[in-house]
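**Student:** How does the following fold in three dimensions:
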Amino acid sequence: MYSIKPNVLILLFITLPSIVIADNLDSLKSIFLSTSEPAEIKKLSAKISIICKDDLTCYEDLFNKIQGNENELKHLWLQSRYSFKIANRNQVLNALSINKINLPKSKATGDLDLLAFNQVILGLNYIEMLKVDSALYYLTDAKRTFDEIGDDYQKWRIHLHLSRAYELIKDFENQESNLLKAYQITTSKHIRMDEGYALYNILLFYKDHGPLKTFNEFLKKYLLFSQDSQHDSKHQALMNLFIDEEEAIKSIENYLSSEDGKLYFKVGRCNLSVLLARLYLNNGYRLKAKNMLIDISSTCGGLETKDQIQACEDLISIYKKEKDFENAVIQYDRLISFRDSISHSEQIKAVYDYKEKYESEKKDKVILNQKLTVQKSRIQLITLGLGILILSSIGLFTWIIFKKRRKRELLLQKKEMEQLQIKNELIAFEAMIEGEEKERTRLSRELHDGIGALLMNIKARFQLLLKSSEDKEALEPTALLIDKTYDEVRRVSHNLMPNSLQMLGLKGAIEDLAYTNSHANLHIETQIKGMENELDKNKSLILFRIIQELITNAIKHSKGNNILIQLIKQDQLLSLSVDDNGLGFDANQFNENGLGLSNIKSRVKYLRGELDIDSTLGEGSSFNILIPYKQLLNSKE
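**Tutor:** Next comes the predicted model:
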């Protein structure tokens, strides 16, 4: 089953309201321009940004009207809100540029709310760029600013962001500590949405890292909490992941089709759609998952890169199962592109810093050379254009080469990993078989030499007693019981380590097995053809054990009176089938890991074979195995 961990939901749900505010935009802008109260500026800028989202043209008339020092606070709030929106649309570098300029200006205004907002956004930007040290620096600064404001409640968000940063560097101790602090703060005011998401993230952590006892304790808290959360549809859908994924699917589907869901901001809907697609895959709804993922690929460009990667990987998996290799290759190319964008984040940042430095130097040169002639300026611009073109061409050529090489390396690495995994599985299975057979040999020897010898001694002494007894009829049942016990010990010892396999070969051993297990109410027939070549000793033993286990299952469960064993070489395949005329079972409800079949499946897999089971209630069962014949031969053949 796929692991579901929608980190992006954490960020978005705790920083944006769940329903778009339907205020008239023109009215909001008018009030925004007329107010001078810092609290109102903060509140109105948030409402405007919810409507305008990342559309710069929506903000332009306001930016034009609030030029000047007297409107600096309004300008900074709008720019900061806009930068947050574009950061959620994979424009982190542009957002970072705006916030780095705004941060010192925010300090100068003396508005601590604005300063804390910019510090938080910088921390989140650096988390997206995987620069954890910088993220921790700015988030810790934001925490100090909230201390200065005296708003202890807002620090729960900081602790949640800090937990995400520590998760990136696998510092799970600090991740746990910050998650618990966030939850403790939210319980102080009982704001349901905040408390619910803090609790949700704690459950995610303990589900992945344990201990199970602590996870169960918080799950009990959730169950109590959820009794009064029937109206929190998004929150309830996420919490249902921990107890009933089918219920979670219904909850998210209902929410996305509801009026609230249709008004929910685009990135939030996209992230819920990613989560729903993962749930579809986990629960076998492949067609629904495919359609959802295709829709996400075409309409959700604002998703975080890691969620785009997850969507690509899921589509590749689905297309492979459908043998739609053309679309699988298209998704694989998109996957490589997204992975390259993550692995090159530092290179992109270096290019951005160079561009920023270059622009600054260019401005200085303009000031120093403002008296130069128009002709000299034109020459400089042409030279600059050629330089940028050359640098861009070199950069593009380098990137194309790197992408192709990276693709080859990934394919080679994947192939090596698959080969290593197969090799390790073979080594582990061979060790298991060797240990199992040694233990069978030891038990067989102890039964034969120990209990068997004792029973022979008892039988001999009892025969003497029987001859000298006057009441032989009373002792006769005991003599029969001793004989039966001795025969059973011999049978068990023989099954544990069949000498017939060494003495008679595989064909003779199978026939002996059929003979010894047949009786008045059960007839076992064998049909063995095309087995002239000598098989590998160890693989003959594995094949014998498979047949032995299938006969044992048929005797124990089928209640039939006829069993047919067929072992036939057909071209390059060896066909083995064990059929009975017993009770049968419903193949649709059959648990393939039951009836002792796990050992049979592992042995068939080791021999590179395939197992097929066919059964109908009241019509008996058929177990069919196909094995490449060359897998069974001695290496010399």
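**Student:** contacts and neighbour counts: CA atoms only from here.
**Tutor:** Will do.
**Student:** now the strands for this protein?
**Tutor:** Counting by DSSP state E, one finds strands in the chain at the ranges 523-529, 562-570, 573-580, 610-615, 621-628.
**Student:** Could you dump those into JSON lines and include mean pLDDT, mean neighbour count and distance to Asp152?
**Tutor:** Shown next, in JSON lines, are those (pLDDT from 0 to 100; neighbours: other C-alpha atoms under 10 Å; distance: least, C-alpha to C-alpha, whole Å):
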{"stretch": "strand 523-529", "mean pLDDT": "91", "mean neighbour count": "16", "distance to Asp152": "79"}
{"stretch": "strand 562-570", "mean pLDDT": "90", "mean neighbour count": "19", "distance to Asp152": "76"}
{"stretch": "strand 573-580", "mean pLDDT": "91", "mean neighbour count": "20", "distance to Asp152": "72"}
{"stretch": "strand 610-615", "mean pLDDT": "90", "mean neighbour count": "14", "distance to Asp152": "63"}
{"stretch": "strand 621-628", "mean pLDDT": "91", "mean neighbour count": "20", "distance to Asp152": "67"}
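**Student:** okay, Phe242: pLDDT?
**Tutor:** Note for Phe242: predicted pLDDT of 61.
**Student:** Show me the shaky parts of the stretch 151-300 of the chain.
**Tutor:** Applying pLDDT under 70 to the stretch 151-300 of the chain flags residues 226-244, 259-269, 271, 300.
**Student:** Any chance of JSON lines for the strands of the chain, columns distance to Leu103?
**Tutor:** JSON lines is the format used below for those (distance: least, C-alpha to C-alpha, whole Å):
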{"stretch": "strand 523-529", "distance to Leu103": "84"}
{"stretch": "strand 562-570", "distance to Leu103": "78"}
{"stretch": "strand 573-580", "distance to Leu103": "73"}
{"stretch": "strand 610-615", "distance to Leu103": "65"}
{"stretch": "strand 621-628", "distance to Leu103": "69"}
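**Student:** Return the residues in contact with the residue lying closest to Met531 once chain neighbours are set aside.
**Tutor:** Among residues not flanking Met531 along the chain, Lys569 sits closest, at 6.6 Å (C-alpha to C-alpha, 6 or more residues apart in numbering). Lys569 makes contact with 529-531, 575, 629 under the criterion C-alpha atoms under 8 Å, 6 or more residues apart in numbering.
**Student:** Apply 10 Å and report the result again.
**Tutor:** Lys569 makes contact with 528-532, 575-576, 626-629 under the criterion C-alpha atoms under 10 Å, 6 or more residues apart in numbering.
**Student:** Equivalent analysis for Gly387, please.
**Tutor:** Neighbour list for Gly387: 381, 393 [criterion: C-alpha under 10 Å, 6+ apart].
**Student:** Same check on Gln463?
**Tutor:** Neighbour list for Gln463: 457, 469, 475-476, 479 [criterion: C-alpha under 10 Å, 6+ apart].
**Student:** how far away is it from Pro477?
**Tutor:** 12 Å (C-alpha to C-alpha, to the nearest Å).
**Student:** cool, Gly508 as well?
**Tutor:** Per C-alpha to C-alpha, Gly508 is found 35 Å from Pro477.
**Student:** again with Ile252
**Tutor:** 71 Å.
**Student:** The two: which has the busier surroundings?
**Tutor:** A count of neighbours by other C-alpha atoms under 10 Å puts Ile252 above the other of Ile252 and Pro477, at 23 against 11.
**Student:** Is that one in contact with Cys270, as I believe?
**Tutor:** No. Ile252 is beyond contact range of Cys270, at 11.9 Å (criterion: C-alpha atoms under 10 Å).
**Student:** So for these two, which residues contact both of them?
**Tutor:** Shared contacts of Ile252 and Cys270, defined by C-alpha under 10 Å, 6+ apart, comprise Leu276.
**Student:** For the stretch 51-200 of the chain, just list every one of the helices.
**Tutor:** Along the stretch 51-200 of the chain, counting by DSSP state H, counting those that start in this stretch, helices occupy 56-65, 72-87, 92-109, 112-128, 132-149, 155-168, 172-189, 192-209.
**Student:** now these in TSV, with mean neighbour count?
**Tutor:** Shown next, in TSV, are the helices of the stretch 51-200 of the chain (neighbours: other C-alpha atoms under 10 Å):
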stretch	mean neighbour count
helix 56-65	13
helix 72-87	23
helix 92-109	18
helix 112-128	24
helix 132-149	19
helix 155-168	23
helix 172-189	19
helix 192-209	20
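**Student:** Compare those and give me the one nearest Asp26.
**Tutor:** helix 56-65 (10.5 Å; C-alpha to C-alpha).
**Student:** that older thread, quick one: which of the contacts of Lys569 is nearest Ala277?
**Tutor:** Nearest to Ala277 among the contacts of Lys569: Leu626, at 36.5 Å, using C-alpha to C-alpha.
**Student:** what's the closest one in contact with, if anything?
**Tutor:** By C-alpha under 10 Å, 6+ apart, the contact set of Leu626 is 568-570, 573-577, 604, 607-612.
**Student:** Look up how far Ile565 lies from the nearest residue to it once chain neighbours are set aside.
**Tutor:** Of all residues not flanking Leu626 in the chain, Ser575 sits nearest, at 4.8 Å (C-alpha to C-alpha, 6+ apart). Ser575 sits 11 Å away from Ile565, going by C-alpha to C-alpha.
**Student:** Let me see the contact set for Ser558.
**Tutor:** By C-alpha under 10 Å, 6+ apart, the contact list for Ser558 reads 552, 580-585, 618, 620-621.
**Student:** repeat for Lys43
**Tutor:** Lys43 touches 32, 77, counting by C-alpha under 10 Å, 6+ apart.
**Student:** same thing with Gln548?
**Tutor:** Going by C-alpha under 10 Å, 6+ apart, Gln548 touches 495, 510, 513-514, 542, 600.
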